[in-house]
Structure formats: structure tokens, C-alpha cells
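Participant: no FASTA, just this:
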């Protein structure tokens, strides 16, 4: 068989949003990356193969930004029809645009070689469609596979199941530790038509009659709610082995899916006469399996304390401690999850992304170093994307500064992340010295806070915001943050398709067109116009010497007001 070999700075295993954001952030900060994904598409549980919503922190102005929002906004711009195949291509294009990333799709990580100094030397992947082995040697390895595939391949320490209440003093943990987990789901989607349709249940699927006790415990849906539900409670596997019983769980989920739709369509009146089943997922979306043991294990008490005691905080979470019962669909005690309150936001430490026993192994995603209880808050994809961006940026910093996971400059890493529009609560972003030194007509744009109405400039198209310097000054860059409407509510890909489908477009407040005007000391001007912008965070490299630089907002995506959070120069 053919074998291809690579020598890179970072090898990322797993192409969900944790892996995608890790790879892109590392590449953008100048290091070489291989991204190995065992599926034909990127996005993991958010891809067309699973179609789970991207959840994250709750609360005003707490929405996650960075690379994740850049990808989501590209999707709103290119894919207002909310097609899942197009969504896949948007994520794919973002990765392929990075010249420092080698993308290996359909490639299963199947082996790892250890060096003599407690480090991973290489991993080996098998790409079935090309009959090719890929051997990747790297300085650092990031396991973003969800299932922690590098655990069995390297012998790294891991956790599985639920810790007992006394182990970490967790109030919502079970009294006794066990091997139970949250389960997995095969989602399905339905589509409304303009006529009455029929559904014939296959013989091998389950039947849930009108008075079935399980269905009586689950929400019954009227026609008003049918198009807004993603059927998350069709869940099994928590009482089984989430890894080795995954195919068996899929088979059970498919029997349930067809049975549930038969119940809604045929066994009772749910207002579903004009609805058809449109898509059924054959790849279960997992909530939990193996978790790494890192340099620190985050627990419920850290969540409730908002993680404020972590000096090495690099990201945040803010989902509730959404702890699904292991019985899932078959839980007979009512709703199959408890949304235990959690503060939003709370901080996640760097040490939870670094393996305890392998010096060049890091991880991001639902497999980070957390207890089962803390996992119930960190496992959602907007959070894991932020963890991935922190990991990739951190590895790039270690490569450039010749440091290690234990000696990395965390304050410097935080500043880089915040400069890249990754919000880290309770920390202040440093503003460039040049911005603070110059005269600015809108000082709110250099206060170092990139969210919240009180930190936003509001004006009209054509108004001028300027920095003026005491003498001709050479500029290397301009940093802009526009208003993407962080409080826009749920703008996820659809769970189902009503006859009239809402289209999620770029926020009307987003700046579509703007210009930068540079006044030179000799009275001449240079004007640069930027059109079709759809990014909240815009970082422009500049090579201009001037006595004044002006930002002129020219056109939004619909609003008469122009909203800007940051305009800084360096």
C-alpha cells in the first residue's frame, strides 16, 4: 500500500469544531498543521451527518466569537437557504483556505509510535478511499476526536463514567461511581408539504401506540412545534459502552426514530398530516465517552466558583450542567435530563487541555480533563470550539517561543486569544500603545472591551472616526470589531423544515462596506475600500506612513445605524 509521510508542528486528530478551530488558529499563527478526520466532512456533531445544534454560554453578550463565529457568519452569507451540504462546504472551505494546513479526510487514526522521552513521535492514519497510509510526525499532537482515540494508542490516562459524590465533593454526582454515561442520539428531520402525506413504518421498527407510557413522558407536538424540535431525547447508550457498543446503539436508535415518527404521524393527532420524514441520521451524535486525565481535572465546584481561581484560564463555558440520565429514552422518571444551574460564564484552565502523562499531547472537545458533572457543562460545541482555538493558539506560541505546556506564558496567550476576538471573561484585553498614544475622535473604540452596548460606537454611514498622530507614523495594522448581534438568539442550522423556512441572514448591523483613509504628511491621501465584509473581527495588515488614519463606515446589511466596538491601530 502507498504511504505518505509528513513532518509538521502540530497534528490534530479529529475534525469537529474543536479540531477545526485548533487547526485554523495554529495555522494562522504561522505553524504547520495536519488535520486528520475520519469522516468525509468536517464539523463533527454539527455536520450534515449528525445535525446537532451548536450550543454555548447563556446570558447577555456571552456568545462565543473567534473562528467559530467567523464560520457561522460565512454560512449566513453564503447559505441563507440553510442547506446542510452547503454548510459542510463552508466549514471545509475555511480549512482549505489555510496554506499551513494539510487536510486528510476519510482518514482513521489507527496507530501511534512513542518516543523514548515520554512523547508521541508519530501517528498513522488509514485513508480507505485512496488506499493510503498517512504517517504524521509532529512536535505536538491534539486529540480532538471526541472519543480520545490516542488513549488506547498511547496508553494515556483517561476517565470513563461517573465519579462518586465524595471523590470531588460534587453535590449532583451519584453516591457511588459507575461506568454509566450520557447517551447518544440519531437525530431526524421532517419537512412540511402543502398536502396530506402518509407514512408506513418498516416492520423492524418499534410501535408506540397512543397510550404508550414512554411517549406519555415525552413532549407531544402540535403542528406549531413540529418544525422547531431536534428530537434530542431519542437517546440510548448511557447504560452500555459508548465506544464498543456504538453500532448496536445506532440500530436501537433507528428503531426508535421510526417508531416515534409513526407515533406522531399515525398513532395520535399531532397536527402532522402535511409533514414528511426528510432525513434520518445514521451516525449517532455522542455526548460522552472517554475523557483524558490532564494536569488538572475540573469538577462541579470549579464550575460553581466560575473558575475564577484559575490563573491559567484560557477559555470559558456557560451551558447549564445538563446531565442526561444514562437510561436516556427509557428513563421513566420524567424528562430525561436535569438542567442543573451553572454560572455563565465560567473559566476553563489550560491545564485541563494538557495530558498528565504525555508531554506533547493536548486535547480539546468533550474529552478534556473534567469530571462527568463538569462535562455536562463543557461538552457543547461552541465551548469546545473556544477550547480548540485556545489549544491551537497555545501550541503556535510554544513553537515560536520554545516553551512547553508547563512553561507557556499564559498571560501572553490570553492576550493573543482576546486580540483574535476570543472573549475571556474577567480579563482585560490590552490595547495597542499606539492607539492609546494617538488622538482619537471616538475613545470608546479603544477601551479594550469588544462587547456590550456601552462599549459600542453608534453612528451613520459616512461619519468619520480618526486617529491623529503628532508626527508621520508608520502603521502595520488596523484592528476592527463590528456588531454581529451577539444577542441574536438561536441562529442554528434548522432542526426541521416548515413550508415557509426562516432564512438567517447576516445581522443588519454588520458592516458590509467601509474604507480606511490615510493622510500623509505631504497632503496626499491613500484610500482603501473594503466591500462585502461579513466578519465581526477584521484584522488588516497595513504598510502606510501617515499623520492621520480614518475609518469611514459606508454600508451595513440593512440598519441605518452603524455599530462598531473596536478601531485600533498598531
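Facilitator: Done, it's in. All of these numbers come straight from a predicted model, not from anything done at the bench.

Participant: Quick one: the helices in the protein, in order.
Facilitator: 17-28, 66-78, 84-96, 150-154, 165-168, 213-217, 223-226, 246-262, 300-304, 372-378, 381-401, 410-419, 433-437 (DSSP state H).

Participant: Same list, those helices, but as CSV with mean neighbour count and mean pLDDT please.
Facilitator: Every residue, glycine included, has its C-beta placed from N, CA and C. CSV is the format used below for the helices of the chain (neighbours: other Cβ atoms under 10 Å; pLDDT from 0 to 100):
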stretch, mean neighbour count, mean pLDDT
helix 17-28, 30, 98
helix 66-78, 22, 96
helix 84-96, 18, 98
helix 150-154, 21, 98
helix 165-168, 15, 97
helix 213-217, 13, 88
helix 223-226, 14, 63
helix 246-262, 19, 97
helix 300-304, 22, 98
helix 372-378, 26, 98
helix 381-401, 27, 98
helix 410-419, 18, 98
helix 433-437, 15, 97
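
Participant: Turn these into JSON lines, columns for distance to residue 318.
Facilitator: Shown next, in JSON lines, are the helices of the chain (distance: least, Cβ to Cβ, whole Å):
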{"stretch": "helix 17-28", "distance to residue 318": "16"}
{"stretch": "helix 66-78", "distance to residue 318": "14"}
{"stretch": "helix 84-96", "distance to residue 318": "23"}
{"stretch": "helix 150-154", "distance to residue 318": "28"}
{"stretch": "helix 165-168", "distance to residue 318": "21"}
{"stretch": "helix 213-217", "distance to residue 318": "29"}
{"stretch": "helix 223-226", "distance to residue 318": "26"}
{"stretch": "helix 246-262", "distance to residue 318": "29"}
{"stretch": "helix 300-304", "distance to residue 318": "10"}
{"stretch": "helix 372-378", "distance to residue 318": "8"}
{"stretch": "helix 381-401", "distance to residue 318": "8"}
{"stretch": "helix 410-419", "distance to residue 318": "16"}
{"stretch": "helix 433-437", "distance to residue 318": "30"}
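
Participant: The closest residue to residue 381 other than its chain neighbours: what's it in contact with?
Facilitator: What sits nearest to residue 381 in space, not counting adjacent residues and going by Cβ to Cβ, 6 or more residues apart in numbering, is residue 54, at 4.5 Å. By Cβ atoms under 8 Å, 6 or more residues apart in numbering, the residues touching residue 54 are 17, 46, 68, 72, 380-382, 385, 492.

Participant: Of the residues you listed, just say which sits nearest to residue 564.
Facilitator: Distance ranking of the contacts of residue 54 against residue 564, using Cβ to Cβ, places residue 72 first at 20.0 Å.

Participant: Correct me if wrong: that closest one contacts residue 488.
Facilitator: No. Here residue 72 lies out of contact with residue 488, judged by Cβ atoms under 8 Å, at a distance of 10.3 Å.

Participant: Which strand runs longest in the chain?
Facilitator: Determined from DSSP state E, the single longest strand within the chain is strand 537-556.

Participant: what does the domain assignment say about this protein?
Facilitator: As given by automatic domain parsing, the domain ranges for the chain are 2-162+291-327+334-419, 184-286, 433-569.

Participant: Indicate which one of these is closest to residue 427.
Facilitator: Taking Cβ to Cβ, domain 2-162+291-327+334-419 is the member of these nearest to residue 427, at 5.8 Å.

Participant: out of the helices of the chain, which comes closest to residue 232?
Facilitator: helix 246-262 (12.0 Å).

Participant: got the contact list for that closest one?
Facilitator: 183-186, 188, 190, 199, 201-202, 204-208, 215, 231, 234, 236-237, 240, 242, 277, 280, 282-284, 286, 329.

Participant: and with 6 Å instead?
Facilitator: With Cβ atoms under 6 Å, 6 or more residues apart in numbering as the test, helix 246-262 has contacts from 184, 186, 188, 201-202, 205-208, 234, 236-237, 277, 280, 284, 329.

Participant: From these, pick the one nearest residue 553.
Facilitator: So of those, ranked by how close each gets to residue 553 (Cβ to Cβ), first place is residue 188, at 44.0 Å.

Participant: neighbours around the residue nearest to that closest one when sequence neighbours are not counted, how many?
Facilitator: Spatial nearest neighbour of residue 188, chain neighbours left out: residue 280 (4.5 Å); criterion: Cβ to Cβ, 6+ apart. A count of nearby residues for residue 280, using other Cβ atoms under 10 Å, gives 14.

Participant: Same question for residue 491.
Facilitator: Neighbours around residue 491, by other Cβ under 10 Å: 18.

Participant: and what of residue 268?
Facilitator: The burial count for residue 268: 15, using other Cβ under 10 Å.

Participant: Was I right to think it contacts residue 210?
Facilitator: Yes. Here residue 268 lies in contact with residue 210, judged by Cβ atoms under 6 Å, at a distance of 4.5 Å.

Participant: For residue 315, see how far away the residue nearest to the spatial centre of the chain is.
Facilitator: Centroid-nearest residue in the chain, with Cα atoms, centre = their mean: residue 385, separated by 2.9 Å. Residue 385 sits 9 Å away from residue 315, going by Cβ to Cβ, to the nearest Å.

Participant: buried set for stretch 499-507?
Facilitator: Within stretch 499-507, the residues that count as buried by 16 or more other Cβ atoms under 10 Å are 504, 506-507.

Participant: what's the closest non-adjacent residue to residue 491?
Facilitator: residue 504 (4.9 Å).

Participant: any idea how far residue 2 is from that neighbour?
Facilitator: Here residue 504 is placed at a distance of 43 Å from residue 2 (Cβ to Cβ).

Participant: What count of nearby residues applies to the residue nearest to residue 257 when sequence neighbours are not counted?
Facilitator: Excluding the flanking residues, the one nearest residue 257 by Cβ to Cβ, 6+ apart is residue 188, at 5.1 Å. Applying other Cβ under 10 Å, we find 23 residues neighbouring residue 188.

Participant: surely residue 188 meets residue 278?
Facilitator: No. The pair residue 188 / residue 278 is not scored as a contact, 8.0 Å apart, by Cβ under 6 Å.

Participant: And residue 152, how close does it get to residue 243?
Facilitator: 9 Å.

Participant: Please disregard the earlier target; I meant residue 2.
Facilitator: Using Cβ to Cβ, residue 2 is found at 30 Å from residue 243.

Participant: Tell me which of these two has more neighbours.
Facilitator: residue 243 (16 against 9).

Participant: Surely the more buried one and residue 288 touch.
Facilitator: No. The pair residue 243 / residue 288 is not scored as a contact, 10.6 Å apart, by Cβ under 6 Å.

Participant: what are the bridge partners for residue 192, then?
Facilitator: Beta-bridge pairing of residue 192 under DSSP bridges involves residue 275.

Participant: Equivalent analysis for residue 349, please.
Facilitator: residue 313.

Participant: give me the number of residues near it?
Facilitator: 23.

Participant: ok so, going back, let me know the closest of the contacts of residue 54 to residue 167.
Facilitator: Out of the contacts of residue 54, the member with the shortest distance to residue 167 (by Cβ to Cβ) is residue 380, at 24.0 Å.

Participant: Find the nearest non-adjacent residue to the closest one, please.
Facilitator: residue 55 (3.7 Å).

Participant: Please point out which parts of stretch 157-170 sit buried.
Facilitator: 158-163, 165, 168, 170.

Participant: Likewise for stretch 351-366?
Facilitator: Those would be 351-355, 358, 360-366, for stretch 351-366 by 16+ other Cβ under 10 Å.

Participant: Tell me the one of those nearest residue 307?
Facilitator: Taking Cβ to Cβ as the measure, residue 307 sits nearest to residue 352 out of the buried residues of stretch 351-366, at 9.7 Å.

Participant: which residues sit in contact with the residue lying closest to that closest one once chain neighbours are set aside?
Facilitator: Of all residues not flanking residue 352 in the chain, residue 369 sits nearest, at 4.4 Å (Cβ to Cβ, 6+ apart). Shown in contact with residue 369 (Cβ under 6 Å, 6+ apart): 292-294, 297, 352.

Participant: do the same with residue 492
Facilitator: Taking Cβ under 6 Å, 6+ apart as the test, what residue 492 contacts is 53-54.
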